[in-house]
Every structure is written in C-alpha cells, then in structure tokens.
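Asks: Predicted model, plus sequence, below.
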Amino acid sequence: MTLTNHLLTGAIFAKVLPLPLAIPLAFASHFVLDALPHFGFINIEERTKYNKLFGAIVLLDCLLSVALSAWLISRGHSQWLLAGFAAFSPDLVWIYRFTVEEKFGKLKPTKGNRFIQFHIKIQQYERAWGGLVELVYAVGAFLILR
C-alpha cells in the first residue's frame, strides 16, 4: 500500500479513537492494508521493467503524503499525523533493503529476517493494477477523514 493510504488510515484511527489506543492499531493496520491488492511489483524483474512508472508513482505518492501532512498540521491534527506515521513505519525497512541490500534494484535481495519474510509474504497481491484499488481506497479514506 502507498504511503498516502497508510497515513490516511492511521489518521482515521486517531480521529475515532483516543491517541494511546490509535497508535498500535494504526501500526497493525499496516499489515492488513498490505495484505489487500495494492500497487507495486512483487519481484525485482517486474520492478526493473517498469522502473519509470514505479518511480513516477512513488514520487507522486511522496508529494501527496507531504500535502496530506501539511493539511493535517494546518488543521491542528498533528496527533492524527503521528498515528499516520505509526501506520506507515513498517515500510521504513524497505528503504534500507532497497538502498543497501539491493543497491537500488541491481542485486537480488537476501532472504531477510522473520519480520521481512512476513512482510514480503503478505504482499502477494501487490500488482500494477492494484493502483486502482489504492485510488478508490484513498478517495474513500480522505472523505472519512474530512
């Protein structure tokens, strides 16, 4: 799932639940969302083939996430943003994995630890067409958040 959708989901948890409870539930929501069909390329060969598309969508996702973060802060909802970060945080492992282990997609990734193995396993429905699922989810989540 994209950063934007994880942030939206965490913010929704913080909107409807007290903050101490929203944080671990937002964190757990990350794995539920990643088990759904969503945008991405599960293997390195596909990602390399569609590298420009993947890069463009990642850039757009980052820009939307910055805009969402600014919007939440401007509305006085920095606590919601905190829960959003908790929802996104498991994906921080991919930054290390992609930049250090795979050398920006040039090496086949290692097996990784149990957390990484679990995180990879639940990504089984990561597909290019999952972007449509994410778009519908993002619109719905934003409408709930507003």
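Replies: Great, that's in hand.
Asks: which residue ranges form the strands in the chain?
Replies: Using DSSP state E, the strands assigned to the chain run over residues 38-39, 126-127.
Asks: packing partners for the lengthiest helix in the chain?
Replies: When the chain is parsed with DSSP state H, its longest helix is helix 51-74. For helix 51-74, the elements it packs on are helix 3-16, helix 78-88, judged by 3 or more C-beta pairs under 8 Å, 6 or more residues apart in numbering; DSSP states H and E. For every residue, glycine as well, the C-beta is placed using N, CA and C.
Asks: So which bits of it are buried?
Replies: Judged by neighbour count (16 or more other C-beta atoms under 10 Å), helix 51-74 contains these buried residues: 54, 57, 61, 64-65, 68-69, 72.
Asks: Confidence-wise, which of those comes last?
Replies: Lowest pLDDT among the buried residues of helix 51-74: Phe54, with 78.
Asks: Quick check, that residue in contact with Asp61.
Replies: No: using C-beta atoms under 8 Å, Phe54 is not in contact with Asp61; the gap is 10.5 Å.
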